[in-house]
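A.B. asks: Return atomic coordinates for the entry below.
(chains A and B)
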Amino acid sequence: MNDSISRPLASRRTVLAAGGVTTAAATLAACSTGTPAGGGGEDEAPAADFEERGPITFARGKDTSGKLAEFLETWNSEHPDEEVTLIELPESADEQRTQMINNAQAKSDAYTILGLDSVWTAEFAANQWVVELPQDKFPLDELIPATVTTATYFDKLYGVPFITNAELLFSRTDLLEAAGLDGPPESFEEMYAAIETLQEEDPELLGFGSQYSKYEGLTVQAAGLVASAGGELFDAEGKPHADSAEAVAGIQTVRDGFDRGLIPQEALTYKEEESRAAFQDGRLAFQQNWPYVWALGQAEDGSSKVNGKMVASLVPGFDGPGSSTLGGLNLGISAFAKNKGTAVDFIGFMVDAVQQKEWGLATAQAPANVGVYEDADMLEAFPFLPQLKEAIDNGASRPAAVQYGEVTQAIQEAAYACFSGEKDAEPAMKDLQTRLTELQ
Amino acid sequence: MTAAATRSTAAGGGRGKKIGGDHGRMAYLLLLPTLILLALVVGFPLVLSAWQSLMQTGQGIDPATGLIIKGDTFVGLDNYIDAVTGAGAGAGFWNAFWNTTLFTVVGVSIETVLGVAMALIMAKAMRATGLVRASILIPWAIPTVVSALMWQLIFDANGIANRLLDYQVLWTTEGWQAKAAVLIADIWKTAPYIGLLTLAGLQTIDKQVYEAATVDGANRWQTFWRITLPLVRPVLVVAVLFRLLDAMRMFDLPYVLLGTLDSGQTLSMLATDAAAKTNFGAASAYSMVLFAYICLVAFLFIRLLGADVIGDQNRPPKKRRNPRRLRTTSEGSMP
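C.D. replies: Sure, this is the predicted structure:
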């Protein structure tokens, strides 16, 4: 069992504004979120019927590129009797999840295909809100294996990866030269040494930055660090090992960066956009972030001070490059939906190389389909694609956590306590181990 | 519900000593739709969530298939006990409780002082009153989420707040600075509300009272404490009460400004958080605690300060705590 604590989709970097209001209203509605009682003691769901065909719906977050509408048009004109309707959910991933859970608890057939963040697989599968998918009906061998793993729970497939993602290290080429390096640093040690050299010249330079604010992004960092150091937060049996020597060493490395002034204190307030802004303003020499920062950093309209001076590489590790946490969106089928046969066909259509390439070009999101990474058009549009592919292949896979909300919160508490200097790495990770054990 | 009922009782009682006869029956009949609606949208969810707070949602996992063993189990008061002792899922309870209390007490106190000051200034500035009032209203009119985002920019590590201070305070990291950030944003937004209500109260005070005070040789300070404040008190107390109830349920501001930082977590946020983790029993328990807390504060406030929420000032005066209080004709006509 494998899976992941990974990263929110790009959409999570937008603040959960709209979500805040709705949730607030829901909570304040006189403390009465009287949820249906989970359907006490239910029987096993009957075996899913993958032959039934007809109109279906596709529920996912807002698509700002407009590409999805085009895909639906193509599909609907070819399959007039099996029309797919898009249901746009809020932009915030948390809100999408809440709506899908509400829908599942009402056993409504309103949503057929669900766009699931890769970290939700375990929760949705364990609650039987999505059905197990027939592996032979999808071109799984065309998809990157590491991404298929994020859609798998207890060796069963519950989703098909549509897009994926991995973080990269972005360095300033001019500063690399100034520090006497031929290429981007591969390990933290190398990177820290370079920053020290650079800061002797320019004490204002902030050094390295990534997402160390207390939110989902911190889990992404912590999980990646532990994996890079050769540890694992959970083993294959799902037992936590947060206090292993490797895990402690992984977390300690970033703490050292803070202590030595090579990572600025203000990085404790960084989410994706803040670290991107600091890098783009030329204040950071290195940033670890998602690939979306590339296009913005290379903008030539004066918004970026580092255009033409960026290079992407694998995230820093210990004896060599580290591994990044995978993000991504998987497509699952609601257990309560009709016409699952059409749903299977439509998912196959969405992960087909043609659609995957168009989607990649239109949205700059990393496709799950392997073939697209060798496509000439894609390589021209995204020069860092080979590095990204490598990062995804080496992406950290971790055991599934059904109570993902609790697990990620515990990881954030521990990592934040350590990075902010409140606790040392060892006691912080010991506390985390205790908490994760409690959650078993 | 109570308000409406009391009112009708008062009205019915005024005409013929007690409720009875056709008038009474008619009154109840007319009220029935309202009562049914309230029972449906307030009573029913409340009872349901009280019941849910005694349950625990199944979290057991079948080791072979990894599937959740479903079903709610009745656990009695366990959710409440977990919250009070801070065990297990209730770990964040006291932090959230004290944050809620801090934001309410400190926030509303400062808002009241500032609000009254604003009202006094607005009452004096008789020129362009419309403009002054509109501009004071702006913070109140901006949706909280939007103002929270705005303050997030201000409190950014390299934002305006730090530029002005010429010192880098990391406002959105754990600690007192995060609480201060929430308080500042909240006070900025809601002090105008108290200011406006107080202003409305100030304008109903009869000018003659002030003239009389001037003739008697009262200075400004005495005028404020002996005349303005007592006369504006009924309005002010209601405004403060509404703010108290509002502040205790605070959710959107810290949620957007600070995210999941412990320093900004309130009881409402804790309940939402538990619900998001499908831990509905605990979520309901926190909500019930918050509900009881708000009821208690409202009750004490009305009891101690005599907030006149219903607006039944026309009743014959009962015993007054301050018999020498000035009364004017205008007081009775206040809403």
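
A.B. asks: only C-alpha atoms for contact and neighbour calcs from this point on.
C.D. replies: Noted.

A.B. asks: what about dumping the CA coordinates of stretch B:176-196 to CSV?
C.D. replies: Only the C-alpha atoms of stretch B:176-196 are listed here, as CSV (Å, rounded to 0.1, in the frame of the first residue of the first chain):
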residue,chain,number,x,y,z
TRP,B,176,1.4,36.9,19.9
GLN,B,177,2.1,38.9,16.8
ALA,B,178,-0.4,36.7,14.9
LYS,B,179,-3.1,37.3,17.6
ALA,B,180,-2.3,41.0,17.4
ALA,B,181,-2.8,40.9,13.6
VAL,B,182,-6.2,39.3,13.9
LEU,B,183,-7.2,41.9,16.6
ILE,B,184,-6.0,44.8,14.5
ALA,B,185,-7.9,43.7,11.4
ASP,B,186,-11.0,42.9,13.4
ILE,B,187,-11.0,46.2,15.2
TRP,B,188,-10.5,48.1,12.0
LYS,B,189,-13.5,46.4,10.5
THR,B,190,-16.0,46.5,13.3
ALA,B,191,-15.3,49.7,15.3
PRO,B,192,-17.3,51.7,12.7
TYR,B,193,-20.3,49.5,13.4
ILE,B,194,-20.3,50.5,17.1
GLY,B,195,-19.6,54.0,16.0
LEU,B,196,-22.6,54.2,13.7
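
A.B. asks: Quick one: mean pLDDT over that stretch.
C.D. replies: Mean pLDDT, stretch B:176-196: 94.

A.B. asks: For it, buried residues please.
C.D. replies: B:178-183, B:185-196 (16 or more other Cα atoms under 10 Å in any protein chain shown).

A.B. asks: Provide the contact partners of that stretch at residue level.
C.D. replies: If you take Cα atoms under 8 Å, 6 or more residues apart in numbering or on different chains as the criterion, stretch B:176-196 is touched by B:103, B:106-108, B:110-112, B:114-119, B:133, B:136-137, B:139-140, B:144, B:147-148, B:151, B:155, B:169-172, B:236, B:239-240, B:253-254, B:257-258, B:263-264.

A.B. asks: Of the residues you listed, which belong to helices?
C.D. replies: Among the contacts of stretch B:176-196, the members falling in helices (DSSP state H) are B:103, B:106-108, B:110-112, B:114-119, B:133, B:136-137, B:139-140, B:144, B:147-148, B:151, B:236, B:239-240, B:253-254, B:257-258.

A.B. asks: Chain A contacts on the stretch 1-150 of chain B?
C.D. replies: Residues of the stretch 1-150 of chain B lying close to chain A (Cα under 8 Å from any Cα of the partner chain) are B:42, B:45-46, B:48-49, B:52, B:57, B:61, B:65-72, B:145-146.

A.B. asks: Let me see the ranges of the strands in chain B.
C.D. replies: B:55-57, B:72-74 (DSSP state E).

A.B. asks: Mind giving me the packing neighbours of the last one?
C.D. replies: If you count contacts as 3 or more Cα pairs under 8 Å, 6 or more residues apart in numbering or on different chains; DSSP states H and E, strand B:72-74 packs onto strand B:55-57.

A.B. asks: Does anything pack onto the strand it packs on? Which helices or strands?
C.D. replies: For strand B:55-57, the packing partners by 3+ Cα pairs under 8 Å, 6+ apart are strand B:72-74, helix B:280-305.

A.B. asks: Give the buried subset of the contacts of stretch B:176-196 as a PyMOL selection command.
C.D. replies: To isolate the buried members of these in PyMOL, using 16+ other Cα under 10 Å:
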select buried, chain B and resi 103+107+108+111+112+114+115+116+117+118+119+133+136+137+139+140+144+147+148+151+155+169+170+171+172+236+239+240+253+254+257+258+263+264
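
A.B. asks: What strand or helix carries residue A:436?
C.D. replies: Per DSSP states H and E: residue A:436 is located in helix A:425-438.

A.B. asks: Can you spell out which helices and strands pack onto that helix?
C.D. replies: The contact analysis (3+ Cα pairs under 8 Å, 6+ apart) places helix A:425-438 against helix A:245-259, helix A:404-419.

A.B. asks: Mean pLDDT and mean neighbour count for those helices - can I get that in TSV?
C.D. replies: Formatted as TSV, these follow (pLDDT from 0 to 100; neighbours: other Cα atoms under 10 Å in any protein chain shown):
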stretch	mean pLDDT	mean neighbour count
helix A:245-259	96	21
helix A:404-419	91	23
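
A.B. asks: which residue lies farthest from the center of chain A?
C.D. replies: Farthest-out residue of chain A from its mean C-alpha position, per Cα atoms, centre = their mean: residue A:201, at 36.6 Å.

A.B. asks: so who does that one touch?
C.D. replies: Residue A:201 touches nothing, counting by Cα under 8 Å, 6+ apart.

A.B. asks: Got the phi and psi for the closest residue to residue A:343 other than its chain neighbours?
C.D. replies: The spatially closest residue to residue A:343, leaving aside those adjacent along the chain, is residue A:113, at 6.5 Å (Cα to Cα, 6 or more residues apart in numbering or on different chains). Dihedral pair for residue A:113: phi -100, psi 130, per degrees, to the nearest 10.

A.B. asks: Give the full set of residues in contact with residue A:113.
C.D. replies: Neighbour list for residue A:113: A:56-59, A:331-334, A:343 [criterion: Cα under 8 Å, 6+ apart].

A.B. asks: Just those residues: which are in strands?
C.D. replies: Those of the contacts of residue A:113 mapping onto strands are A:56-59, A:331-333, per DSSP E.

A.B. asks: before we move on, the earlier item: now flag whichever of the contacts of residue A:113 is closest to residue A:83.
C.D. replies: residue A:56 (6.3 Å; Cα to Cα).

A.B. asks: what pairs with the closest one across the strands?
C.D. replies: For residue A:56, the beta-bridge partners under DSSP bridges are residue A:84.

A.B. asks: For chain B, list the residue farthest from the centre, please.
C.D. replies: residue B:64 (49.9 Å).

A.B. asks: For residue A:176, see how far away that one is.
C.D. replies: As judged by Cα to Cα, to the nearest Å, residue B:64 and residue A:176 stand 52 Å apart.

A.B. asks: Report how many residues lie close to the nearest residue to residue A:367 once chain neighbours are set aside.
C.D. replies: Closest residue to residue A:367 apart from its sequence neighbours, by Cα to Cα, 6+ apart: residue A:163 at 4.5 Å. Residue A:163 is flanked by 24 other residues according to other Cα atoms under 10 Å in any protein chain shown.

A.B. asks: next one: phi and psi at residue A:163?
C.D. replies: phi -130, psi 160.

A.B. asks: measure it to residue A:71 for me?
C.D. replies: 15 Å.

A.B. asks: Fine by me, thanks again.
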